[in-house]
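Trainee: Show me the folded form of this:
(chains A and B)
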Protein chains: 2
Amino acid sequence: MRIVLDAMGGDHAPQATVAGAVWAARDFGVEVQLAGQPDVIEAQLRQNDVRGLSLPIIAASQVIEMDDQPANAVRAKPHSSMAIGMQMLRRGETDAFVTMGNTGGGLAAALLYLGRIPGIKRPAVGTRFPTHSTPGFCYILDVGANTDCRPEYLFQFALMGSLYAEHVLGVANPRVAILSNGEEEGKGSKLVLDSLPLLRSGPFNFVGNIEGKDVPAGAADVVVTDGFSGNVFLKTAEGTARLLLGAIKEGVQRYPVARLGALLMRPALVSASRKLDYREFGGATLLGVDGVVVIGHGRSDAYAVRNAIRLAVQAVERDVVGAIKNGLDKIHTHETS
Amino acid sequence: MRIVLDAMGGDHAPQATVAGAVWAARDFGVEVQLAGQPDVIEAQLRQNDVRGLSLPIIAASQVIEMDDQPANAVRAKPHSSMAIGMQMLRRGETDAFVTMGNTGGGLAAALLYLGRIPGIKRPAVGTRFPTHSTPGFCYILDVGANTDCRPEYLFQFALMGSLYAEHVLGVANPRVAILSNGEEEGKGSKLVLDSLPLLRSGPFNFVGNIEGKDVPAGAADVVVTDGFSGNVFLKTAEGTARLLLGAIKEGVQRYPVARLGALLMRPALVSASRKLDYREFGGATLLGVDGVVVIGHGRSDAYAVRNAIRLAVQAVERDVVGAIKNGLDKIHTHETS
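Mentor: The predicted structure follows:
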């Protein structure tokens, strides 16, 4: 299997991207193709032990800068690492594309070079979110691609999310819910209320509304929402976890005996904070485009890059794109028969 | 000062409501009028030490049940504790109304019996949310009254929230932000983008977009949003805090030495989890109706009820309703001059 990595994307590129690629190539036995400026990548590779690994460099002369308007930059810079990587995926010269760059840029490049799966109205960005219950996470989408949505989009997000949860995450008959401001029927924004009849009719296990507090509790395996609310959800969770861990740290400073306690509790605290650490998940999956695309967190370190590549490997192995195409075919056959 | 409490509202009424009323009457030196079924309230009062306190019972024969459709029940039951309390506030027989009952019911009763402050298009429910930075909280609205909003509503929420933060929370020149899916200009749903020009023109210190993760970080004093996203924000924070504390507890179970650590850290952990405990804030304020109305959490215990009454006392003392009326007058004078 070959995965192309945008070696130039993310806050800590190229150090973190190249180191993460080396790590992934060793741990998962895949070829990681490094797209970017050859001299920069070579310098990084020399810092790593790459014996026995397949890490070819794919020259990409242009770089998308932090202050570029991402969607425009993708068009204006066809020789950027992001554009080159997507073109390779289009031509079948790789099995998946992974970037720690801007989500908007990744989405624009995917639409431009890969296009949507026929029948998909809008691609969505989906990510795992930790939960209390087995298997320890759910899948939430959209978390960023579509700020304003229509019921038909949410219906397709539900279909794609359900197929992803089943095929990639290994959840049998995933429970699909829609994020709302109350679990009772009748609660919801206009978008939620308008989407309910469609969602109830879908070829997936739709279980109704879910509140923000019940997502971490594990009340659904797939949570669909518009990209605005999905972003509010993810960012609020991130901020709250930081607030709580910060408050614990302050408390430890205030009570001297608690410092010894914190030392003894360290493994428990580390395992708890890891539960909410995006680095463990590696990133988000772009669903609905015609190829496997993973978009990692901009702040990713090498470990997060390794895990983003793992996400791509899993999506290729379980053929997510094929599963979505089949799922759409079935609906279409049903509708026209 | 007199505060009327819906003694029958909430999951733990009448025990928690009456005990909280006794507690508040003692701590804040106010009269708490207990609206509800006299025999039920009397039985509860006998469980408490009420010497020297003013806790008159206001007979209300009807009860709004958990499975009543709240807005309808308020109309259908004019002798419920909620309706009776609001009528007293309307007639000037009390200074504020406090309930642990349903938010929809409280809103419907307030609109029916108090009405909106002239010029206000939609009342909003606002609540304090904890932050890292001084003063340790911000104020977020709407968190439940208006699922779908228009820019004019958000403009008025910003005005009311800013006045509340200044007058009740004591924040000078409060920074007002709008919840969005990115802090950069250009980010936002259609509602956010359409609201920005209005918000920039307002007589308050508007600072732009805020992401969910920056709210707990303290990047704004007032956060405006529609009631759907506000609910997602609050409930997600609640669920995430529970997830993280649960994961810490699990970690402690797993590592034996961590159990001793947890014991030593107890005061630090308690002070941290208190930071996110709604019981400390006591509840939400209904802004934009013609009277002080506080709606506490349905699950409130006596301590939360006490703090909800404290919220009402503060809002009366600082004359929030008068401040909002003045604020609207100034805009109106400005517009017509």
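Trainee: Which other helices and strands does the longest helix anywhere in chain A contact?
Mentor: In terms of residue count, the longest helix belonging to chain A (DSSP state H) is helix A:227-254. If contacts are counted by 3 or more Cβ pairs under 8 Å, 6 or more residues apart in numbering or on different chains; DSSP states H and E, helix A:227-254 sits against strand A:124-130, strand A:137-141, strand A:175-179, helix A:256-275, helix B:227-254, helix B:256-275. In short, each C-beta sits where N, CA and C put it, glycine included.
Trainee: Not counting the helix or strand hosting A:Ile3 itself, show me its contacts.
Mentor: In the assignment (DSSP states H and E), A:Ile3 maps to strand A:2-6. Identification of contacts with strand A:2-6 by Cβ atoms under 8 Å, 6 or more residues apart in numbering or on different chains yields A:13, A:17, A:20-21, A:24, A:30-36, A:58, A:81-82, A:85, A:88-89, A:93-101, A:305, A:309, A:312-313, A:316.
Trainee: Give the partner strands of it in its sheet and their orientations.
Mentor: Strand pairing for strand A:2-6, using DSSP bridges, gives strand A:31-36 (parallel), strand A:96-99 (parallel).
Trainee: Next one, pLDDT for the most centrally placed residue in chain A please.
Mentor: In chain A, the C-alpha nearest the mean C-alpha coordinate belongs to A:Ala284, at 0.4 Å (Cα atoms, centre = their mean). Looking at A:Ala284, its pLDDT stands at 95.
Trainee: Who are the contact partners of it?
Mentor: Residues in contact with A:Ala284 (Cβ under 8 Å, 6+ apart) are A:Thr103, A:Val125, A:Gly126, A:Thr127, A:Val143, A:Gly144, A:Val294, A:Ile295, A:Gly296.
Trainee: Apply 7 Å and report the result again.
Mentor: A:Val125, A:Gly126, A:Thr127, A:Val143, A:Ile295 (Cβ atoms under 7 Å, 6 or more residues apart in numbering or on different chains).
Trainee: Could you count how many residues lie near the residue nearest to the last one when sequence neighbours are not counted?
Mentor: Put plainly, it is A:Ile295. Closest residue to A:Ile295 apart from its sequence neighbours, by Cβ to Cβ, 6 or more residues apart in numbering or on different chains: A:Gly106 at 4.6 Å. When neighbours are counted by other Cβ atoms under 10 Å in any protein chain shown, A:Gly106 registers 31.
Trainee: Sticking with A:Gly106, tell me its helix or strand.
Mentor: According to DSSP H and E, A:Gly106 maps onto helix A:103-113.
Trainee: Check the secondary structure at A:Ala172 for me.
Mentor: At A:Ala172 the chain is in coil, as set by DSSP: H, G, I helix; E, B strand; the rest coil.
Trainee: Can you check the pLDDT for it?
Mentor: pLDDT, A:Ala172: 95.
Trainee: residues touching it, list them.
Mentor: By Cβ under 7 Å, 6+ apart, the residues touching A:Ala172 are A:Glu166.
Trainee: circling back to that earlier point, could I get the helices and strands packed on helix A:227-254 as a markdown table with distance to B:Pro174, mean neighbour count and mean pLDDT?
Mentor: Shown next, in a markdown table, are the helices and strands packed on helix A:227-254 (distance: least, Cβ to Cβ, whole Å; neighbours: other Cβ atoms under 10 Å in any protein chain shown; pLDDT from 0 to 100):
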| stretch | distance to B:Pro174 | mean neighbour count | mean pLDDT |
| --- | --- | --- | --- |
| strand A:124-130 | 32 | 26 | 96 |
| strand A:137-141 | 32 | 27 | 96 |
| strand A:175-179 | 29 | 25 | 98 |
| helix A:256-275 | 32 | 18 | 83 |
| helix B:227-254 | 17 | 23 | 92 |
| helix B:256-275 | 21 | 18 | 83 |
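Trainee: isn't A:Ala323 right next to A:His167, touching?
Mentor: Yes - using Cβ atoms under 7 Å, A:Ala323 is in contact with A:His167, at 4.8 Å.
Trainee: A:Met86 should be in a strand, yeah?
Mentor: No - A:Met86 is assigned helix when assessed by three-state DSSP, not a strand.
Trainee: Roughly how far does the closest residue to it other than its chain neighbours sit from A:Val98?
Mentor: Residue nearest to A:Met86 in three dimensions, not counting chain neighbours: A:Tyr113, with 3.8 Å by Cβ to Cβ, 6+ apart. Using Cβ to Cβ, to the nearest Å, A:Tyr113 is found at 15 Å from A:Val98.
Trainee: Run a quick neighbour tally on A:Asp319.
Mentor: When neighbours are counted by other Cβ under 10 Å, A:Asp319 registers 14.
Trainee: For A:Pro123, see how far away the nearest residue to it once chain neighbours are set aside is.
Mentor: Closest residue to A:Asp319 apart from its sequence neighbours, by Cβ to Cβ, 6+ apart: A:His167 at 7.2 Å. Look at A:His167 and A:Pro123: by Cβ to Cβ, they are 17 Å apart.
Trainee: out of those two, which sits in the busier spot?
Mentor: Remark: of A:His167 and A:Pro123, A:Pro123 carries more neighbours, 27 against 19, as counted by other Cβ under 10 Å.
Trainee: What pLDDT does the model give the more buried one?
Mentor: On the pLDDT scale, A:Pro123 is placed at 97.
Trainee: Was I right to think it contacts A:Ile117?
Mentor: No - contact criterion Cβ under 7 Å: A:Pro123 and A:Ile117 do not qualify, at 8.3 Å.
Trainee: any shared contact partners between those two?
Mentor: Shared contacts of A:Pro123 and A:Ile117 (Cβ under 7 Å, 6+ apart): A:Gly288, A:Val289.
Trainee: Pairing partners for A:Phe129 in the sheet, please.
Mentor: With DSSP bridges as the criterion, A:Phe129 is bridged to A:Cys138.
Trainee: If anything else comes up later, I'll come back, but that's it for now.
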